[in-house]
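**Q** need a structure here:
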Amino acid sequence: MSLRSVFLGWPVLRQLTGEDPLGRGAAAQSARTAALEPRTKTADRVVQSVCPYCAVGCGQRVYVKDEKVVQIEGDPDSPVSRGRLCPKGSASEQLVNNPKRQTKVLYRRPRGTEWEELGLEQAMDMVATRVLDTRARTWQDTDEHGLPLRRTMAMASLGGATLDNEENYLIKKLFTALGAVQIENQARI
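**A** Numbers count the residues shown, from 1 in each chain. Presented below is the predicted three-dimensional model:
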């Protein structure tokens, strides 16, 4: 590469001699930048979704190529966020594509020192069995005066702020139906 071609490629010179005197367009663009294409251009499909980080429920457009998420952007059709995402929502693509993402169920036995992998079905069965057993053992149908209680004080729920309003509503309904009294959400604490 000659000194002349390097000199003529300087953005300031392109700005002063070209059609972009303010240096806000082509004059400031490098050859590498000009050759780049947005990840959204090559996507096979776009899926509408909701940001998982807080209870606001900002709309997202998830761009998928070869069944892999390649980009996530704000959904301009969303009445909640109108195409905008906070920094966490903008980075939510990392939730799916992070190589450190945990994708297996881990279980540590009581008084155990090591984690072991479980199948999802086995883990779900263990949780359901323990919930139903706890409810059955600790159920209070009436108090000492015969007044109806229909509750258990042995279970509680603490919802997370990464769930949206609909998910928290369903969790509240589930634990209320199970008879739990202590139902709270991280956003209120």
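
**Q** and the longest helix for this structure?
**A** helix 120-138 (DSSP state H).

**Q** can you give me how far that one is from the chain middle?
**A** 27 Å (CA atoms, centre = their mean, to the nearest Å).

**Q** Pull out the buried positions in the helix or strand following that helix.
**A** As assigned by DSSP states H and E, the chain's next helix or strand after helix 120-138 is strand 139-142. For strand 139-142, burial by neighbour count (16 or more other CB atoms under 10 Å) applies to no residue. Every residue, glycine included, has its C-beta placed from N, CA and C.

**Q** can you check stretch 41-57 too?
**A** Buried residues in stretch 41-57, counting neighbours by 16+ other CB under 10 Å, are found at 43, 50-55, 57.

**Q** Out of the residues you listed, which two are the most distant from each other?
**A** A43 and A55 (28.2 Å; CB to CB).

**Q** thinking again about what came up before, filter the buried residues of stretch 41-57 down to the ones in strands?
**A** V50 (DSSP state E).

**Q** Pick the one among the buried residues of stretch 41-57 closest to V105.
**A** Closest to V105, out of all of the buried residues of stretch 41-57 and judged by CB to CB, is P52, at 19.2 Å.

**Q** ok, the nearest residue to that closest one once chain neighbours are set aside to L174 distance?
**A** In space, P52 comes closest to T162 once its chain neighbours are excluded; the distance is 5.4 Å by CB to CB, 6 or more residues apart in numbering. Distance from T162 to L174, counting by CB to CB, to the nearest Å: 18 Å.

**Q** Repeat that for V131.
**A** From V131 to L174 the distance is 10 Å (CB to CB).

**Q** Q15 too?
**A** Taking CB to CB, one finds Q15 at 62 Å from L174.

**Q** and what of N98?
**A** 29 Å.

**Q** Compute the number of surrounding residues for Y63.
**A** Neighbour count of Y63, defined by other CB atoms under 10 Å: 22.

**Q** okay, now the domains of the chain?
**A** Here the domain parsing of the chain from automatic domain parsing is 3-35, 39-97, 105-188.

**Q** among those, which is the most enclosed?
**A** domain 39-97 (a mean of 16; mean count of other CB atoms under 10 Å).

**Q** So for it, mean pLDDT?
**A** Averaging pLDDT along domain 39-97 gives 90.

**Q** Quick check: L106 touching E117?
**A** Yes: between L106 and E117 there is a contact under CB atoms under 8 Å: 6.3 Å.

**Q** for the protein, what spans make up the strands?
**A** Going by DSSP E, the chain shows strands at 45-50, 59-65, 68-74, 105-107, 116-118, 139-142, 148-159, 180-185.

**Q** shouldn't A27 be in contact with R14?
**A** Yes: A27 lies in contact with R14 (CB under 8 Å); the separation is 4.3 Å.

**Q** what's the overlap in contacts for the two?
**A** Listed as contacting both A27 and R14 by CB atoms under 8 Å, 6 or more residues apart in numbering are D20.

**Q** With that, I have no additional questions.
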